[in-house]
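Chemist: sequence plus the predicted model coming up.
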Amino acid sequence: MSRPLRSKLESLQCHFTWDFEIKDKVEAVHILQILAPQAQHTPHRNRGAYLAMRAYLQHLQGNYQEALDSLREAEGALKRDHPANFSRQALVTYGNYAWVYYRLVNYDMVDLYLGRIHDICRSLASPEAYSAMIPEIQAQKGWSLLAVGFRNGDEAAECFRKALAVVESNEEYQAGLAVSVFASWTHSSNAEQREEAQKLLEEVIARQPQNYEAKAYLAQVLKDVDTERALCLADDVARESVNPEVLRNISKLYKPQSLPRTISILKKAIALDPGYHLPHYDLGLCYLKQLGSPPGDVREEAVEAAIESFKRALEKDPFSIFTQLKLAKVYGERSPAYEEEIYLNLMEELPGASKRCQQSIYINWGDFFFYKKGMKSQALEMYQAAARIPGNLAFERKQLEIRLERLARVFREDGEMDQARAIYSFLEETGLRVTSQQDGSWRRGSWRENGRAQQ
């Protein structure tokens, strides 16, 4: 039996028909929180796209009235930013309206918005009744992909290139392409992409000297090739920007050289938006780094400040497993019992967590057994459980390799050779690293090192 209404909705170009690979409601909440400062402080004429994206995320949470409010805001933003071509800009927002009303079983309103979309597509002489592949839609899709995560950089860049193929001189599309190429570079470290990102970002800044988002990205691109200019750009951003997300990003540039400077910038971000959780989290990470200080007042102050920062981050984002893991670690400086309590609670949440979160829980739980309790077998069980979780999580797998090699050395030093060999075999079987056996002993780089490595 055909479903004509549903088929019309599925032919629309809008957030409901684009595939963002948002895994669950927890990820939707996380994206919403990052999207808020972007929508408020964007230097581009793309606020309408962000607000329409917000509506889609709110719908994922079942907050349909909030979604409708966001779509009304999106309409207002589009009318202000694009008065000359509002109807073309509004196609995505109207599509979202139709889908939200469909979820609310308000088919009269669905028909109303489908009718508006149809009229606009007809005026554009589109071959499709309910969609039009125009630059405005490509750009809104590109910004939305970037809002979900920089992992979408390649796909977003393709959207902006298609838009620019039609309207070559559009500054918003040029800026979108620059951010997209930068996003791709952050996931590839490709030298050609770095050069392209630098060129495109330089062009954006030449047109928009007050675009502190672009300056922050350019500073990151230049940090390893022109440190002096990178720090000059970073200083400008830190001094002038009022966007807490841009400040949070630029603060990372200082971390290796100047922890006090990083802390100062993050405190400015928090003062601008106390409800935004990520600056609190990053501030907690800074205080964690200070725990390397010798025992005394400074170290105890860092423990107290780290606990406070992570607690504030959790108040704003209570579902964050990574914040709970960091809080567990810093609590462990005072009370291993508190640290263990957090791990036990997280193990109950494990089945519903993402693959990356599951691996991180097992790794931290294993570290607790190994370093706090000296329980090698229990630590091995946790590390092996983490390694068995499927997925190409390169950073976590590298951490597991290091930990398993370290644990194998400890077993060997304690005379427990069977356990050490079992770990080496496990590493080979799981593909964490290739092993070879010579003269009855396992020989692999760091396995031949003497002494126990420190955590």
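Modeler: That came in fine, so what should we check first?
Chemist: going by C-alpha atoms from here, please, whenever you check contacts or count neighbours.
Modeler: Fine.
Chemist: could you look up the next helix or strand downstream of the strand or helix carrying residue 302?
Modeler: In this structure, residue 302 sits in helix 297-316 according to DSSP states H and E. Downstream of helix 297-316, the first helix or strand assigned by DSSP H and E is helix 321-331.
Chemist: so what does that following helix touch, helix or strand wise?
Modeler: Helix 321-331 sits against helix 277-289, helix 297-316, helix 336-349, helix 355-367, with contacts defined as 3 or more C-alpha pairs under 8 Å, 6 or more residues apart in numbering; DSSP states H and E.
Chemist: so which of the ones you listed is the most packed in?
Modeler: helix 277-289 (a mean of 24; mean count of other C-alpha atoms under 10 Å).
Chemist: so which residues make contact with it?
Modeler: With contact meaning C-alpha atoms under 8 Å, 6 or more residues apart in numbering, helix 277-289 is reached by 33, 244-245, 248, 259, 262-263, 266-267, 269-270, 302-303, 305-310, 312-314, 316-317, 323, 326, 330.
Chemist: restrict that helix to CA atoms and write it as PDB.
Modeler: Below are the C-alpha coordinates for helix 277-289, written out as PDB (Å, rounded to 0.1, in the frame of the first residue of the first chain):
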ATOM      1  CA  HIS A 277      29.800  22.600  30.200                       C
ATOM      2  CA  LEU A 278      32.900  22.100  28.000                       C
ATOM      3  CA  PRO A 279      35.000  25.000  29.400                       C
ATOM      4  CA  HIS A 280      34.400  23.600  32.900                       C
ATOM      5  CA  TYR A 281      35.600  20.200  31.700                       C
ATOM      6  CA  ASP A 282      38.700  21.700  30.000                       C
ATOM      7  CA  LEU A 283      39.500  23.700  33.100                       C
ATOM      8  CA  GLY A 284      39.300  20.500  35.100                       C
ATOM      9  CA  LEU A 285      41.900  18.900  32.700                       C
ATOM     10  CA  CYS A 286      44.200  21.800  33.400                       C
ATOM     11  CA  TYR A 287      44.000  21.300  37.100                       C
ATOM     12  CA  LEU A 288      44.600  17.600  36.600                       C
ATOM     13  CA  LYS A 289      47.900  18.400  34.900                       C
END
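Chemist: all helices of the stretch 351-455 of the chain, in order?
Modeler: 355-367, 376-387, 394-413, 417-429 (DSSP state H, counting those that start in this stretch).
Chemist: in the last one, what counts as buried?
Modeler: By 16 or more other C-alpha atoms under 10 Å, the buried positions in helix 417-429 come out as 419-421, 423-427.
Chemist: what do you get for the third one?
Modeler: Taking 16+ other C-alpha under 10 Å as the basis for neighbour counts, the residues of helix 394-413 that come out buried are 396-397, 400-401, 403-412.
Chemist: for the helices and strands packed on helix 321-331, which one sits closest to residue 163?
Modeler: Of all the helices and strands packed on helix 321-331, it is helix 277-289 that lies closest to residue 163, at 32.6 Å by C-alpha to C-alpha.
Chemist: what angle do the closest one and helix 321-331 make?
Modeler: If you take axes from the mean of the first three to the mean of the last three C-alpha atoms, to 10 degrees, helix 277-289 sits at 30 degrees to helix 321-331.
Chemist: quick one: helix 277-289 to helix 297-316, angle?
Modeler: 160 degrees.
Chemist: circling back: in a markdown table, list the buried residues of helix 394-413 along with distance to residue 356 and pLDDT.
Modeler: Formatted as a markdown table, these follow (distance: C-alpha to C-alpha, whole Å; pLDDT from 0 to 100):
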| residue | distance to residue 356 | pLDDT |
| --- | --- | --- |
| 396 | 8 | 81 |
| 397 | 10 | 83 |
| 400 | 12 | 91 |
| 401 | 16 | 92 |
| 403 | 17 | 94 |
| 404 | 18 | 95 |
| 405 | 21 | 94 |
| 406 | 22 | 94 |
| 407 | 22 | 95 |
| 408 | 24 | 95 |
| 409 | 26 | 94 |
| 410 | 27 | 95 |
| 411 | 28 | 95 |
| 412 | 30 | 93 |
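Chemist: in JSON lines: the residues you listed, plus distance to residue 168.
Modeler: Formatted as JSON lines, the buried residues of helix 394-413 follow (distance: C-alpha to C-alpha, whole Å):
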{"residue": "396", "distance to residue 168": "42"}
{"residue": "397", "distance to residue 168": "43"}
{"residue": "400", "distance to residue 168": "48"}
{"residue": "401", "distance to residue 168": "48"}
{"residue": "403", "distance to residue 168": "52"}
{"residue": "404", "distance to residue 168": "53"}
{"residue": "405", "distance to residue 168": "54"}
{"residue": "406", "distance to residue 168": "55"}
{"residue": "407", "distance to residue 168": "58"}
{"residue": "408", "distance to residue 168": "59"}
{"residue": "409", "distance to residue 168": "60"}
{"residue": "410", "distance to residue 168": "62"}
{"residue": "411", "distance to residue 168": "64"}
{"residue": "412", "distance to residue 168": "65"}
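Chemist: which SSE is the residue nearest to residue 319 when sequence neighbours are not counted in?
Modeler: Spatial nearest neighbour of residue 319, chain neighbours left out: residue 26 (6.7 Å); criterion: C-alpha to C-alpha, 6 or more residues apart in numbering. In this structure, residue 26 is located in helix 25-41 according to DSSP H and E.
Chemist: other SSEs contacting that helix?
Modeler: Under the contact definition 3+ C-alpha pairs under 8 Å, 6+ apart, helix 25-41 sits against helix 47-60, helix 135-148, helix 244-254.
Chemist: can you name the next helix or strand after the last one?
Modeler: What that stands for is helix 244-254. Next along from helix 244-254, by DSSP H and E: helix 259-272.
Chemist: and the contacts of that following helix?
Modeler: Contacts to helix 259-272, defined as C-alpha under 8 Å, 6+ apart, come from residues 238, 242-245, 247-248, 251-252, 254-255, 276, 279-280, 282-283, 286.
Chemist: hmm, 6 Å instead?
Modeler: For helix 259-272, the external contacting residues (C-alpha atoms under 6 Å, 6 or more residues apart in numbering) are 244, 248, 251, 254-255, 279.
Chemist: cool, thanks, talk later.
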